[in-house]
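# kindly generate the corresponding structure for this input.
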Amino acid sequence: MLYERVLVTGANGLLGRELVSLLGRFSEYDVLATGRRATTRSEGSYGYMPLDITVRRDVQRAIRDFEPTVVINCAAMTDVDRCETEREACWKVNVEAVETLAQQCSDTGARLIQLSTDFVFNGLDGPYEESARPDPVNFYGKSKQAAENAARRAGFDKWTIARTVLVYGTGAYTDRSDFVLWLLNRLSSGQSVQIVTDQWRTPTCVADLALGIERIVRRGRGGIFHLSGMEWMSIYDFAQTIADVFGLDSALIRPVDASTFRQTAARPAKTGFIILKAQTELDYRPRPVREALRRIGVRLGLV
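From the prediction side, this is the model:
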């Protein structure tokens, strides 16, 4: 790789902000961050323009004018229960917009890197390798599986799918919440929470995920990559670890099983990823959960 023009969608989200901040530190990347907001706030050197990826003509214009060599799609509708009830809106963002991006990449020769999720799997046989067969249990997962299929239309050797799991971290200049920040807010105010013991994941620090994606860009890798943390644990155990690292009362975390929750959409029980391919081909080395949490604490001034 000598020089890449990188267009990032969804740049105001947790991953998007971390990613444009990272890419903007390298002189070999010319970065255009896009999102629905009029402006964004992140470190690094990059351009920004408002873009709604569901508006085809605006996507066409952005790609035509910027002429990216790589498009990274971080934009998605990720509220699992909302996706279940607002299926048309979910499909428009998660699938139809990807079809547009893939077509534009095919027309221009740009590489498309599509972010995806562990929710494309049914959770019966986790943790999963890249070759595992998708079998989603909710509409969000189905939309992301369809998005993966759409991304492949960018052309032979011109697509990459980066799946991830339970992403956490403050991001760069972000005020958006995630599981860690939500739990910290609840516990620090003395509120009890119910956390499931029978759903297992490989929690992923957003900084590690951004580094993994940067490696994909730098090395020009195609195909499917699983980018997550290495530690397979229940969401309850993850919550207990968070409380311990931040010195909060873990007794406020009450263990329950998923059957006690009345949620609109089903959740896969045991997902998580085997990341050997990313370790081998990308030299991807995610930090341990406790180390990642301590770094977040330092950034927030809490540890």
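
# the chain: helices as residue ranges?
Along the chain, counting by DSSP state H, helices occupy 14-23, 56-66, 80-85, 87-91, 97-108, 139-151, 179-188, 206-219, 235-245, 276-282, 289-300.

# distance of the closest residue to residue 284 other than its chain neighbours relative to residue 138?
Among residues not flanking residue 284 along the chain, residue 278 sits closest, at 3.9 Å (Cβ to Cβ, 6 or more residues apart in numbering). C-beta: built from backbone N, CA, C; applies to glycine. Distance from residue 278 to residue 138, counting by Cβ to Cβ, to the nearest Å: 25 Å.

# do the same with residue 150
As for residue 150, its distance to residue 138 is 19 Å (criterion: Cβ to Cβ).

# between these two, tell me which one has more neighbours.
residue 150 (22 against 19; other Cβ atoms under 10 Å).

# residues contacting that one?
By Cβ atoms under 8 Å, 6 or more residues apart in numbering, the contact list for residue 150 reads 95, 98-99, 102, 114.

# highest neighbour count among those?
residue 98 (27 neighbours).

# wait, doesn't that one sit right on residue 71?
No: look at residue 98 against residue 71 with Cβ atoms under 8 Å: they stay out of range, at 10.3 Å.

# isn't residue 144 up against residue 116?
Yes: using Cβ under 8 Å, residue 144 is in contact with residue 116, at 5.2 Å.

# show me which of those two is the more surrounded one.
Between residue 144 and residue 116, counted using other Cβ under 10 Å, residue 144 has the larger neighbour count: 30 against 24.

# picking up where we left off before, out of the helices of the chain, deepest packed?
helix 14-23 (a mean of 27; mean count of other Cβ atoms under 10 Å).

# what angle sits between it and helix 179-188?
120 degrees (axes from the mean of the first three to the mean of the last three Cα atoms, to 10 degrees).
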